[in-house]
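**Student:** Quick one, structure for this:
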Amino acid sequence: MDETADVESAREKHDLAIAAELAHLAIAEFAAQGDPFLVRHTVQLTSFGGSGTTALTRVFVDAALDLPRGPAQWPHKHLRRPPSADAVPPGFRVVYPLSDPRDAVLSIFRRGIQEGHWRGLHSTEPDTPAPGGLADLHTFLAGGVDEFGLADHVDGWRRHPAGYPVMFVRFDRIDEAWDDLAAFVGLPEGHPRLAYESRRSDWRSAAPDTRDGVDAMYGELASQIDSMPPAVVI
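**Tutor:** Numbering: from 1, shown residues only. Below you'll find the model as predicted:
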């Protein structure tokens, strides 16, 4: 990594640390107003992270869709367990964007947000201590335990309760999925499309030990995702 990349990485982590602190305060204030897990919205974006969820959220916000009211769609953005059918309003539907989990996890550690992301995936309090295995990427891969539980996260939503639809979207094939996605969530006709951009974190270009470790942990899930069509409603 050259000096310019070091500076950019440090700046990114600094900005993310400030954003995390602001989010912590906003979440605490929002949670104090009532049960944040109540579903009052009709369109929900949920994923295991690193899958274009934030980019899609910006599109949906711009289109004034009926999204969760929590800060950055907390706690629904990475919610692990789907709600029951009797706990959602009429017309409720979920978009679950997917990406290669090997890239997603490398991106999470590159940005230094692994502990906060773990809390989001497990719906824990902001001050809950994260597992020691999340200290850094080397420790995480050496431990060989997926503390994030990504396969479980995907499986839980694939087995969601009957009564509402969930659309799984391959973010790397968002161009092919776009028309179906737009119709599914009710985007206005002619709304600008979201174009796929290559990721900064690519597991294939990582050091050999990192590449082998992340593939051993997430290769099977990555293969399952790669076998899926651009968009499918379950």
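
**Student:** And the next helix or strand past the worst-scoring helix or strand of the chain on mean pLDDT?
**Tutor:** Lowest on mean pLDDT, DSSP states H and E among the helices and strands of the chain sits helix 3-31, with a mean of 46. Sequence order places strand 43-45 as the next helix or strand after helix 3-31, per DSSP states H and E.

**Student:** got the buried residues for the helix or strand just after that next one?
**Tutor:** Scanning forward in sequence from strand 43-45 by DSSP H and E, the next helix or strand is helix 53-62. Buried residues in helix 53-62, counted by 16 or more other Cβ atoms under 10 Å: 53, 56, 57, 59, 60. Quick note: C-beta positions are derived from backbone N, CA and C, even for glycine.

**Student:** Could I get the full set of helices for this protein?
**Tutor:** 3-31, 53-62, 101-110, 114-122, 137-143, 150-158, 174-185, 208-226 (DSSP state H).

**Student:** neighbours of residue 45, just the number please.
**Tutor:** Counted by other Cβ atoms under 10 Å, the residues lying close to residue 45 total 25.

**Student:** correct me, but it touches residue 57?
**Tutor:** Yes. With contact defined as Cβ atoms under 8 Å, residue 45 counts as touching residue 57 (5.6 Å).

**Student:** overlap in contacts of those two?
**Tutor:** Listed as contacting both residue 45 and residue 57 by Cβ atoms under 8 Å, 6 or more residues apart in numbering are 67, 73, 77.

**Student:** The last one and residue 132: what is the separation?
**Tutor:** Yep, that's residue 77 we're talking about. Distance, residue 77 to residue 132, using Cβ to Cβ, to the nearest Å: 25 Å.

**Student:** Settle it for me: which of the two has more neighbours?
**Tutor:** Neighbour count, other Cβ under 10 Å: between residue 77 and residue 132, residue 77 has more, with 21 against 10.

**Student:** quick one, what contacts the more buried one?
**Tutor:** The contact partners of residue 77, by Cβ under 8 Å, 6+ apart, come to 45, 46, 47, 53, 57, 68, 120.

**Student:** now the fourth one, nearest residue through space, not along the chain?
**Tutor:** Counting by Cβ to Cβ, 6 or more residues apart in numbering, residue 47 is the residue found nearest to residue 53 once chain neighbours are left out, at 4.5 Å.

**Student:** Could you tell me which residues make contact with the residue most central in space within the chain?
**Tutor:** Closest to where the C-alpha atoms of the chain average out (Cα atoms, centre = their mean) is residue 49, at 2.2 Å. Residue 49 makes contact with 78, 104, 108, 117, 120, 121, 148, according to Cβ under 8 Å, 6+ apart.

**Student:** So among the residues you listed, where is pLDDT lowest?
**Tutor:** The member of the contacts of residue 49 with the lowest pLDDT is residue 120, at 90.

**Student:** how close does that residue get to residue 79?
**Tutor:** Residue 120 sits at a distance of 9 Å from residue 79 (criterion: Cβ to Cβ).
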